[in-house]
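1. Need coordinates for the below:
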Amino acid sequence: MNDVPLFAPTDEHKAVRAACRDLCRDKVAPHAADVDRNATFPEAAYDALRAADFHAPHIPETFGGVGADALATAIVIEEVARACASSSLIPAVNKLGTMPLLLAGSEELNKRYLTPVAAGEAMFSYCLSEPEAGSDAAAMRTRAVRDGDGWRLNGVKRWITNAGVSDYYTVFASTDPDRGARGISAFVVEKTDPGVTFGTPEKKLGIKGSPTCEVYLDDVRLPASRLVGVEGEGFKLALRTLDHTRVTIAAQAVGIAQGALDYAVGYVKERRQFGQAVADFQGVQFMLADMATKLEAARQLTYAAAARSERSDPDLTFFGAAAKCFASDMAMEVTTDAVQLLGGYGYVQDYPVERMMRDAKITQIYEGTNQIQRVVLARQVLK
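-> Residues are numbered from 1 along each chain as shown. Below you'll find the predicted structure:
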């Protein structure tokens, strides 16, 4: 029996949380409503996160990063999401975009691209989905063909988070269409590569401050050194990446839900009806009890998954999917209940819980819908 705890936030993890919470209270939360209202990238939050090394905490010290472990990274994303979900996609998507390099990139490739991300000079996005290949990502039509000693890419990627803002993109393309999923490879594409353009940002329900665009690849010429890992191993690499980064979406969901619960608790303590504080009504107390219990259950599952991510445990696929699925369903429920607890005030933009409810919805959809998560979970159970 292994006596090492599955997870146990250390004093260092607690210090990371405290520092990130203070920063988000002072530098992120004050801009959250405007970021949502105007659908503008949260530059002030990005600047603050960079100054504190919270923009990409997972980057190893080898490449100039702070080398935060998976649990510390999850805590950072949770705390940022508690204040502003759009801003939490800065550290989350930086991890998503760079994870394929950390798993399979050459030393040369990683040094070239991870170093500027660690320094806060660039962001990194992940290009897997396409117009006709969402949940069925292996059906992608983007092609990469050999061109001398390099590659030439053509295709369209859809639903790309932080597209147009990020400088670098991990792009998955078919290098051998006859082999299906076994013929997919991964490449690093730069925003400034000739032939790279971006679509108009989508008008979304939530996370409005994080641009979501199509990425167009029109005869994009790449040197051989931009291949990530081994040719034909890209789809496996994409799935391995998601095993790790679904933990970050779970953390984002936990943070959004915590922000909503915090606000609702403060509100019901102050709001009076029928001569007493709304918090004194037993029905309200039962709602709060259920919200807090489900939130804490999701947090503990997320932290357990983060520990497995750090160790790359064999059961990470199950825990990553379970944490993402459970936490995002919880976030949608808790934010909806927070709106209910505020009554009519919860439904208007003067109060933040309606924004949190809208932001929570995407956590059930991206990085694999929760229906897909349940397919993944069932396969693991039935092995």
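
2. all strands of the stretch 201-350 of the chain, in order?
-> Taking DSSP state E, counting those that start in this stretch to define them, one finds strands in the stretch 201-350 of the chain at 212-223, 227-228, 272-273, 276-277.

3. In its sheet, which strands sit next to the second one, and in what direction?
-> Strands that pair with strand 227-228, judged by DSSP bridges, come out as strand 184-190 (antiparallel).

4. ok, and what's touching the partner strand?
-> Identification of contacts with strand 184-190 by Cβ atoms under 8 Å, 6 or more residues apart in numbering yields 100-101, 104, 109, 113, 127, 138, 140, 144, 151, 153, 167-175, 196, 217, 220, 222, 226-235, 237-238. The way it works is simple: take the backbone N, C-alpha and C, and place the C-beta from them, glycine included.

5. out of those residues, which are buried?
-> Taking 16 or more other Cβ atoms under 10 Å as the criterion, what is buried in those is 100-101, 104, 109, 113, 127, 140, 144, 151, 153, 168-175, 196, 217, 220, 222, 226-229, 231-235, 237-238.

6. Now do the lengthiest helix in the chain and strand 184-190, the angle between them.
-> Ranked by number of residues, the top helix in the chain under DSSP state H is helix 234-270. Interaxial angle of helix 234-270 relative to strand 184-190 (axes from the mean of the first three to the mean of the last three Cα atoms, to 10 degrees): 60 degrees.

7. Any idea how far helix 234-270 is from the middle of the chain?
-> Between the centre of helix 234-270 and the centre of its chain there are 8 Å (Cα atoms, centre = their mean, to the nearest Å).

8. can you pull the buried residues of that helix?
-> Under the neighbour-count criterion of 16+ other Cβ under 10 Å, helix 234-270 has 234-261, 263-265, 267-268 buried.

9. Which of the contacts of strand 184-190 fall within helices?
-> Pro100, Leu101, Ala104, Leu109, Tyr113, Gly234, Phe235, Leu237, Ala238.

10. low pLDDT regions in the chain?
-> 1-7 (pLDDT under 70).

11. Got the domain ranges for it?
-> Listed by automatic domain parsing, the domain ranges of the chain are 11-118, 124-232, 235-382.

12. How far does the last one sit from its chain's centre?
-> Relative to the chain's own centre, domain 235-382 is displaced by 13 Å; criterion: Cα atoms, centre = their mean.

13. again, but for the shortest one
-> Using Cα atoms, centre = their mean, the distance from the centre of domain 11-118 to the centre of the chain it belongs to is 10 Å.

14. start to end distance for that domain?
-> Chord length of domain 11-118, first to last residue, is 24 Å (Cα to Cα, to the nearest Å).

15. And for the last one?
-> According to Cα to Cα, domain 235-382 extends 22 Å from its N-terminal end residue to its C-terminal end residue.

16. can you confirm Pro194 is in a strand?
-> No. Read with DSSP: H, G, I helix; E, B strand; the rest coil, Pro194 is coil and lies in no strand.

17. doesn't Leu217 make contact with it?
-> No. With contact defined as Cβ atoms under 8 Å, Pro194 does not reach Leu217; the gap is 10.7 Å.

18. related to what we said a few turns ago, which other helices and strands does the longest helix of the chain contact?
-> Identification of packing neighbours for helix 234-270 by 3 or more Cβ pairs under 8 Å, 6 or more residues apart in numbering; DSSP states H and E yields helix 70-83, helix 85-104, strand 168-174, strand 184-190, strand 276-277, helix 282-311, helix 316-342, helix 353-361.

19. Can you list the buried residues in stretch 51-63?
-> Ala52, Asp53, Phe54, His55, Ala56, Pro57, His58, Ile59, Phe63.

20. Quick check: the fourth one is in a strand.
-> No. Going by three-state DSSP, the assignment for His55 is coil, not a strand.

21. Backbone dihedrals for it, please?
-> Backbone torsions for His55, taken as degrees, to the nearest 10, come to phi -80, psi -30.

22. ok, it to Leu301 distance?
-> Separation of His55 from Leu301 (Cβ to Cβ, to the nearest Å) stands at 26 Å.

23. same thing with the first one?
-> Separation of Ala52 from Leu301 (Cβ to Cβ) stands at 27 Å.

24. now the third one
-> Separation of Phe54 from Leu301 (Cβ to Cβ): 23 Å.

25. Next: the fifth one.
-> Using Cβ to Cβ, one gets 25 Å for the distance from Ala56 to Leu301.

26. Equivalent analysis for the last one, please.
-> With distances taken as Cβ to Cβ, Phe63 is found 30 Å from Leu301.

27. now the spatially most central residue of the chain, nearest residue through space, not along the chain?
-> Taking Cα atoms, centre = their mean, the centroid of the chain lies closest to Ala92, which sits 3.9 Å from it. Closest residue in space to Ala92, ignoring its immediate chain neighbours: Thr248 at 4.6 Å, by Cβ to Cβ, 6 or more residues apart in numbering.
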